[in-house]
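Trainee: A predicted structure for the sequence below; I have some questions about it.
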Amino acid sequence: MRTLIPFLKPYKGLILLILVITIVDVGGTLYIPTLVADMINIGVYSGNLALVLQKGALMFAVALVAAAAALLACYFCVRLSALLGRDLRNALYDHSLTFSTSDFERIGTGSMITRTLSDVSVVQQAFIWSLQMILPVPAMCALGVIMSFAINRTMGLVMIGVTVIVLGGAIIITHKASFIYEKMQGFLDRINLVLRENVTGIRVIRAFNKEQYEEKRLRKTFEDYALSAIKANSLFFGLESLAIFVMNACIVSILWLGSNQVGLGRMAIGDITAVTEYALLILFYIIMAQMVVIVLPRSRVCLRRIHEVLQQAPEISDAVTTVPVLAGTETVCRFDNVSFCFPDAEAATLSDLTFALRRGTTTAIIGSTGSGKSTIAKLILRFHDVTGGAIAVDGVDVRRLSQEKLRQHIAYVPQKAWLFSGTIAANLRYGNEDATPADLWHALDVAQAGFVRDLPGGLDAPVAQGGTNFSGGQKQRLAIARALLKKADLYIFDDSFSALDFKTDAALRHALAKEVAGSAVLIIAQRVSTIAQAEQILVLDDGKMAGLGRHEDLVASCPVYSHIVSSQTKGGGLHG
Ligand SMILES: Nc1ncnc2c1ncn2[C@@H]1O[C@H](COP(=O)(O)OP(=O)(O)OP(=O)(O)O)[C@@H](O)[C@H]1O
C-alpha cells in the first residue's frame, strides 16, 4: 500500500467523494428492510393501507437514491482506477528510461513488460474492486449488527457469530492464496519470455526444425500456469461453498431463533424479515468482499514487483553537479588506463586501454569476436561506467557530464541496427526531428541507401517492428543515415558495415569521409578493408591493447594485426 499512496495523493478529493457516495448506498440498502418490517408490523397487521402506501413510496425513493449512489460510485471508481493505471505505467516507463543494460538484464525484458502491462492491470482491478466491494463491508457489518441488536439481542449475537466465522475463513484462505499467486506471476513472466523468444526467433526455430521442442517448452509454461490457476480457483470455490453454507445456516438460525422470540413475544413477525434481510445483505457483501480479498495477495505480489522496479536505483546516474557545456576541443574523447569488468563477470573485459579520438580523424578498432570492441563504444556512451581509469569527452570525465549532454555530442550506429515501426522518414528523424525531406535524402545518399527511392512511398514507405521488412544491409544503411542526420562531435559505427558488399562498403566510407570531416569517427569492424585507411587502428586482443597505429605500421609491428590481415588476404588482396 505504501507504493500506492503517492499515486493516490493527487486524487484525495475523488476518493473522499467515493467514500461518501458508498455510505449513502449502504445506508439506503439497509434502510429498505427496516421499512419492510414497519410495513408488515404496523401497516399489514393494522390494515392501514395508507401507511403501507406511504412506506412503499418511501422505499421506492430510498431504492432510487441507493441505486443512483451505486451507479455514481461505480463511475468514479472506474475513473480513479484508469487514472491510477495510467500514472503507474508512466512512472514505470519513466523510471525504466534511467536504467542501464545491466539494470534491464537484472529484471528481465519479459518481466519488465509483464510488470508494466499485466501487473498494473491486476493492481488497478484489485483497487477498484476493493473500493467497490471491501470498502462498504465494515459499514454494512456494523450497521447490520447494530440494527439487529436494536430489534433483538439474540438476533444481534447470531449476526456477530456469522460475521466472525466468514471473516475467519476468508483470512485463512487468503493466506494460502498468497503463495499460489506469487508463483503464478512468476509463471506469467516465463510465458512472456518463451513466447517472445518464439515469435521473434520463428525463422531460426523453423530452420533448425525445432518446432516440436519449442512446442514442448511452451506447453510446459502454459501447464505450470494452468495448474497454479486451478489450485487458486479451488481455494476460491472452497471459500464460496463455505459462504453459501454459512448463509443458509444463518437463515435457518434466524428463522428458528426468531420464531421462538416471536412466540415469547419479544419480537414482531415483520422483524424476522428485517433481520433475515440484514443477515443476507451482510453475507452478500462479505462474499463479494471475499472474492476480492482472494485476489488481493496476487495484487500484493504485483504491487511488490512494481515497487521493485520503481525502487531500483539506476546503475548509471548523473552527478549532482554536471558540466553544462562542452568546449569543442581537438581531442573529442580520451581513454586513460581504462579497465572494465561486467558486474557478473569474473575477469575484466577491458584492461588498461589508453588512446584518443581526435577531431577530423578516423580511429578503427579491430579484434577477434568477444575481444571487447562493442564494450568500448558502450563505455563512451556511458551505458556502463568504467571500473578503472577514466574516459573524458572534450577533456571532461564522462561521469561528470549529464547523460543527456554527453549523448547529444555522439551519433551511434549500434551493432544490431534497430528500426522502429512507422515510416522511413519517422525513423530517420530520430536523428534530427527538424530534418527536411532534402536532408533525409542527402543522409540516405551518403549512407548508400538509394534503394529507398525505389520503394513505393519513398520516405513514407512503412517499416515493420524491428525493421524486419528490410535486409540486414538495408537496415544498416538506414541506421547509418539516421546517425548522420545528427550533427555530432563523435560518430561511432559499431560493426555497421559488416552486412554491406565490398563495393557499397567502399562507396559509403568515401561519401562518409566528407560528411563527417569536422568530427571524430570511431569505426568498429571485423574487415581489414573497412579500416585500412583509418588514421589510427586499435588492435584488441582479449580486452587488451595489442597495437595502436596505422595499417602499414601495424602490419610490420603487431603480430595480432598481421595475423588478421593475412587471414583475410589469402587468395587475393584487400578490397576497397
Ligand atoms: N551484459 C554483459 N554481461 C556480461 N558479459 C558481457 C555482457 N556483454 C558482453 N559481455 C562479454 O564481454 C565480452 C566483450 O563483448 P563485446 O560485445 O564487447 O565483444 P566484441 O569484440 O564487440 O564482439 P563481436 O565482434 O562478436 O561483436 C564478451 O566476452 C562478452 O561475453
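Mentor: Thanks, I have it. These numbers were taken from a predicted model, which means no experiment stands behind them.

Trainee: from here on, just use CA atoms for contacts and neighbour counts.
Mentor: OK.

Trainee: wouldn't Ile160 be in contact with Val145 here?
Mentor: Yes. With contact defined as C-alpha atoms under 8 Å, Ile160 counts as touching Val145 (6.7 Å).

Trainee: tell me, what residue is most central in this structure?
Mentor: Thr116 (2.7 Å; C-alpha atoms, centre = their mean).

Trainee: find the nearest non-adjacent residue to it, please.
Mentor: Using C-alpha to C-alpha, 6 or more residues apart in numbering and skipping the chain neighbours, the partner closest in space to Thr116 is Arg89 (5.7 Å).

Trainee: please apply the same query to Val332.
Mentor: Val332's closest residue in space is Asp394 (C-alpha to C-alpha, 6+ apart), at 4.9 Å.

Trainee: over to Asp489?
Mentor: Nearest to Asp489 is Ser519, by C-alpha to C-alpha, 6+ apart, at 4.8 Å.

Trainee: ok, that neighbour touching Ala488?
Mentor: Yes. Here Ser519 reaches Ala488: they are 7.0 Å apart, a contact under C-alpha under 8 Å.

Trainee: more neighbours: which of those two?
Mentor: The neighbour count for Ser519 versus Ala488, taken as other C-alpha atoms under 10 Å, is higher for Ser519 (25 against 20).

Trainee: circling back to that earlier point, which neighbours do Ile160 and Val145 have in common?
Mentor: Common contacts of Ile160 and Val145, defined by C-alpha atoms under 8 Å, 6 or more residues apart in numbering, are absent altogether.

Trainee: contact partners for the closest residue to the ligand within the stretch 151-300 of the chain?
Mentor: When distances are taken as C-alpha to the nearest ligand atom, the stretch 151-300 of the chain reaches nearest to the ligand at Leu193, 17.8 Å away. By C-alpha under 8 Å, 6+ apart, the contact set of Leu193 is 109-111.

Trainee: what's the answer for Tyr31, then?
Mentor: Listed by C-alpha under 8 Å, 6+ apart, the contact set of Tyr31 reads Val62.

Trainee: surely it is within a helix?
Mentor: Yes. Looking at Tyr31 with DSSP: H, G, I helix; E, B strand; the rest coil, it is inside a helix.

Trainee: so that it lines up with my notes, have the first residue be 25 from now on.
Mentor: Taking 25 as the first residue, the last one we looked at is Tyr55.

Trainee: let me know the pLDDT of it.
Mentor: Tyr55 carries a pLDDT value of 87.

Trainee: equivalent analysis for Arg358, please.
Mentor: At Arg358, pLDDT is 94.

Trainee: so it, which of the three states?
Mentor: Under three-state DSSP, Arg358 comes out as strand.

Trainee: test my guess that it contacts Phe379.
Mentor: Yes. Contact status for Arg358 versus Phe379: in contact at 6.0 Å, counting by C-alpha under 8 Å.

Trainee: ok, the two, which is more surrounded?
Mentor: Arg358 (22 against 17).

Trainee: for the residue lying closest to the more buried one once chain neighbours are set aside, grab phi and psi.
Mentor: Sequence neighbours aside, Ala380 is the residue nearest to Arg358 in space, at 4.3 Å (criterion: C-alpha to C-alpha, 6+ apart). Main-chain torsions, Ala380, degrees, to the nearest 10: phi -130, psi 150.

Trainee: who are the contact partners of Ala380?
Mentor: Taking C-alpha under 8 Å, 6+ apart as the test, what Ala380 contacts is 355-359.

Trainee: name the residues that touch stretch 104-121?
Mentor: Counting by C-alpha under 8 Å, 6+ apart, 31-32, 35, 38-39, 140-141, 144-145, 148-149, 151-152, 330, 333-334 sit against stretch 104-121.

Trainee: in it, which residues are buried?
Mentor: Judged by neighbour count using 16 or more other C-alpha atoms under 10 Å, the buried positions of stretch 104-121 are 104-109, 112-113, 115-117, 119-120.

Trainee: quick revisit: what's the closest of the contacts of Ala380 to the ligand?
Mentor: Distance to the ligand, by C-alpha to the nearest ligand atom, is smallest for Phe359 among those, at 15.7 Å.

Trainee: the closest one reaches Leu377, doesn't it?
Mentor: Yes. The pair Phe359 and Leu377 qualifies as a contact (C-alpha under 8 Å) at a distance of 6.4 Å.

Trainee: convert the C-alpha atoms of stretch 36-49 to PDB, please.
Mentor: Once non-C-alpha atoms are left out, stretch 36-49 reads as follows in PDB (Å, rounded to 0.1, in the frame of the first residue of the first chain):
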ATOM      1  CA  LYS A  36      -7.800  12.600  -2.400                       C
ATOM      2  CA  GLY A  37     -10.900  14.500  -3.400                       C
ATOM      3  CA  LEU A  38     -12.200  11.800  -5.700                       C
ATOM      4  CA  ILE A  39     -11.600   9.100  -3.100                       C
ATOM      5  CA  LEU A  40     -13.500  11.100  -0.400                       C
ATOM      6  CA  LEU A  41     -16.400  11.500  -2.900                       C
ATOM      7  CA  ILE A  42     -16.500   7.800  -3.500                       C
ATOM      8  CA  LEU A  43     -16.500   7.200   0.300                       C
ATOM      9  CA  VAL A  44     -19.400   9.500   0.900                       C
ATOM     10  CA  ILE A  45     -21.400   8.000  -2.000                       C
ATOM     11  CA  THR A  46     -20.700   4.500  -0.800                       C
ATOM     12  CA  ILE A  47     -22.000   5.300   2.700                       C
ATOM     13  CA  VAL A  48     -25.200   6.700   1.100                       C
ATOM     14  CA  ASP A  49     -25.500   3.500  -0.900                       C
END
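
Trainee: that one - what's its average pLDDT?
Mentor: Per-residue scores along stretch 36-49 average to 90.

Trainee: in it, what counts as buried?
Mentor: Here stretch 36-49 shows 39, 42-43, 45-49 as buried, counting by 16+ other C-alpha under 10 Å.

Trainee: list the buried residues in stretch 214-221.
Mentor: Applying 16+ other C-alpha under 10 Å to stretch 214-221 flags 214-219 as buried.

Trainee: now, which of those lie within helices?
Mentor: 214-219 (DSSP state H).

Trainee: where exactly do the helices run in the stretch 475-600 of the chain?
Mentor: Listed in chain order, the helices of the stretch 475-600 of the chain (DSSP state H, counting those that start in this stretch) span 496-508, 526-539, 552-555, 575-581, 583-593.

Trainee: helices and strands around the first one, which ones?
Mentor: Pointing back at helix 496-508 there. strand 434-437, helix 448-452, helix 461-470 (3 or more C-alpha pairs under 8 Å, 6 or more residues apart in numbering; DSSP states H and E).

Trainee: ok, now the longest one?
Mentor: Secondary-structure packing of helix 526-539 (3+ C-alpha pairs under 8 Å, 6+ apart): helix 461-470, helix 552-555.

Trainee: just those: most buried one?
Mentor: helix 552-555 (a mean of 22; mean count of other C-alpha atoms under 10 Å).

Trainee: got the contact list for that helix?
Mentor: Taking C-alpha under 8 Å, 6+ apart as the rule, helix 552-555 contacts 388, 390, 521, 529-530, 533, 547, 549, 561, 588-589, 592, 598-600.

Trainee: near the ligand, which residues of the stretch 325-474 of the chain are found?
Mentor: 366, 369, 373, 393-399 (C-alpha under 6 Å from any ligand atom).

Trainee: buried sites along stretch 479-497?
Mentor: 482-483, 485-487, 491, 497.

Trainee: how about stretch 289-297?
Mentor: Applying 16+ other C-alpha under 10 Å to stretch 289-297 flags 291-297 as buried.

Trainee: stretch 368-378 too?
Mentor: 372-378.

Trainee: centre of the chain to that stretch, how far?
Mentor: 32 Å (C-alpha atoms, centre = their mean, to the nearest Å).

Trainee: same question, stretch 491-504
Mentor: The answer for stretch 491-504 is 28 Å, by C-alpha atoms, centre = their mean.

Trainee: other SSEs contacting the longest helix along the chain?
Mentor: Longest helix in the chain by number of residues, with DSSP H as the criterion: helix 235-287. Counting contacts by 3+ C-alpha pairs under 8 Å, 6+ apart, helix 235-287 is packed against helix 177-224, helix 293-335.
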